[in-house]
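Student: Task: produce atomic coordinates for the following.
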Amino acid sequence: MADFALLYSGGGMPETEEETARVMKAWNDWYEDLGKAIKDGGNPFGAAKTVGSDGSLRDGPTGSPFTGYTILTAESLDRAAELAKGSPALQGGGSITVYEIVDVM
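Tutor: Purely as a prediction, here's the structure:
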């Protein structure tokens, strides 16, 4: 078993209380379906800064911005990607990049 980071890009935020309740239910249902595969349910990301190799600072991310994350435990990268297909982030028009977390520390 290994850990995998699901990094969300794009999608939209709910605009009404009703939409928020519906979206939160979808996330809770997905987490329930995943069961013990959830290591860290994650959160959305807020503001970002980029630190350059020379120490310079720039507002915002480098490249395409990620909007949030979830960490799962799965047997393989393929299995983690299959589990990611159930994420409510996809219903909101977002996409998911799945990375294996390499345990070296």
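Student: The chain: helices as residue ranges?
Tutor: With DSSP state H applied, the chain shows helices at 17-34, 77-84, 88-91, listed in chain order.
Student: can you list these in JSON lines and add mean neighbour count?
Tutor: C-beta here means a position set from N, CA and C on the backbone, and glycine is covered the same way. Below are the helices of the chain laid out as JSON lines (neighbours: other CB atoms under 10 Å):
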{"stretch": "helix 17-34", "mean neighbour count": "13"}
{"stretch": "helix 77-84", "mean neighbour count": "17"}
{"stretch": "helix 88-91", "mean neighbour count": "18"}
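Student: how about these, which one is nearest Ser9?
Tutor: Of all the helices of the chain, it is helix 88-91 that lies closest to Ser9, at 8.6 Å by CB to CB.
Student: OK, contacts around the residue sitting nearest the centre point of the chain?
Tutor: With distances taken as CA atoms, centre = their mean, the chain has Tyr69 as the residue nearest its mean C-alpha position (2.5 Å). Counting by CB atoms under 8 Å, 6 or more residues apart in numbering, Tyr69 makes contact with 5-8, 40, 42-43, 45.
Student: List only those of the residues you listed flagged as buried.
Tutor: Buried members of the contacts of Tyr69, scored by 16 or more other CB atoms under 10 Å, are 5-8, 42.
Student: Okay, Met24 and Glu17: tell me how far apart.
Tutor: 10 Å (CB to CB, to the nearest Å).
Student: Likewise for Lys36?
Tutor: Separation of Lys36 from Glu17 (CB to CB) stands at 32 Å.
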